[in-house]
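I'd like to go over a predicted model; first the sequence, then the structure.
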Amino acid sequence: MSDYVYNLLKKHHSVRNFKKEVIPETHIKQLVEAGQSASTSSYLQTYSIIGINDPEIKMQLKEVSGQPYVVENGYLFVFIMDYYRHAIINENAEHDMATSFESAEGLLVGTIDATLAAQNIPATAEDMGYGIVYLGSLRNDVERVREILDLPEHTFPLFGMAMGIPADDENGSPKPRLPLEHVFHQNRYNHDKESQRQSLEAFDRTVSDYYSKRTNGKREETWSQQIAQFMSSKQRLDMLEQLNKAGFIKK
């Protein structure tokens, strides 16, 4: 049994500094086909992928994201939850489908479908020698992204992905992940707070050491400190409103 895929995935880290080399269209097609090969709930295929190589559109999306690598990359993808084609089918269907794709369950199915497809793409890309970084920052202004990409009703931009050949001075490394026993529960969820706390304290030390070594002591916060700061700030509180505008969460 080969460990090739396991070792490839274990090396994954976000790349934010790319060479100024365009990814060939043949590779783009292969990457999208790899994404399409992912599992999809009930064969619904409730997603679309928008590939962007237009510098002007990249600049407009950068204004939403605030991240330079939205422009400075080899290629840019935006992953869309997409029930537009299902709405077209619904116009002539014998049974009303709208209840399904306007529901909370429809939102979950569409998001999961798009995410599964998206995760196939970086694994394939990294095997080709490319690096990637996900862009949740495109949700900073969903309404503007919908306008830029001319998205119809029953579609929603979930996240982007910048991709390219890592720059020569790109020196990223995989960040530590929570201990396996903290995220993997056998048969039942382990909700023992004391064991959870002990595991978190050990992981906090690991993360602090990681940052300290990476920054020569300039950064030493723990994982708990990092997520507490992030999750205590207001995060895109208009999301439900934007989902409603796009035709979702009506049921």
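Yes, it's here.

Could you say which helix or strand holds E63?
In the assignment (DSSP states H and E), E63 maps to helix 55-65.

Tell me which helix or strand comes right after that helix.
Using DSSP H and E, the helix or strand that follows helix 55-65 in sequence is strand 75-82.

just how off-centre is the helix or strand following that next one within its chain?
For strand 75-82, the following helix or strand on the C-terminal side (DSSP H and E) is helix 84-90. Centroid separation for helix 84-90 versus its chain: 25 Å, with CA atoms, centre = their mean, to the nearest Å.

cool, stretch 163-179 as well?
Remark: stretch 163-179 is offset 16 Å from the chain centroid, using CA atoms, centre = their mean.

Show me what the mean pLDDT comes to for stretch 140-154.
Per-residue pLDDT values across stretch 140-154 average out to 97.

Can you mark which positions in it are buried?
By neighbour count on 16 or more other CB atoms under 10 Å, the buried set for stretch 140-154 is D141, V142, V145, R146, I148, L149, L151, H154. (C-beta placed from N, C-alpha, C; glycine too.)

Same question for stretch 240-248.
Of all the residues in stretch 240-248, those buried under the rule 16+ other CB under 10 Å are Q242, L243, A246, G247, F248.

Of the buried residues of stretch 140-154, which belong to helices?
Using DSSP state H, the subset of the buried residues of stretch 140-154 located in helices is V142, V145, R146, I148.

Can you give the domain ranges for this protein?
4-170, 180-220 (automatic domain parsing).

now for the ones you listed, which one comes closest to L237?
Of all these, it is domain 4-170 that lies closest to L237, at 11.5 Å by CB to CB.

end-to-end on the closest one?
23 Å (CA to CA, to the nearest Å).

Any idea which of the domains of the chain has the lowest pLDDT on average?
Lowest mean pLDDT of those: domain 180-220, a mean of 92.

what about that one, how long is it end to end?
Separation of the first and last residues of domain 180-220 by CA to CA is 23 Å.

And the helices in this structure?
Per DSSP H, the chain carries helices over the ranges 4-10, 25-36, 55-65, 84-90, 98-101, 104-128, 142-148, 180-183, 193-215, 223-231, 239-245.

would you turn these into a markdown table with distance to K19?
Converted to a markdown table, those look like this (distance: least, CB to CB, whole Å):
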| stretch | distance to K19 |
| --- | --- |
| helix 4-10 | 21 |
| helix 25-36 | 14 |
| helix 55-65 | 16 |
| helix 84-90 | 35 |
| helix 98-101 | 40 |
| helix 104-128 | 14 |
| helix 142-148 | 26 |
| helix 180-183 | 35 |
| helix 193-215 | 22 |
| helix 223-231 | 30 |
| helix 239-245 | 35 |
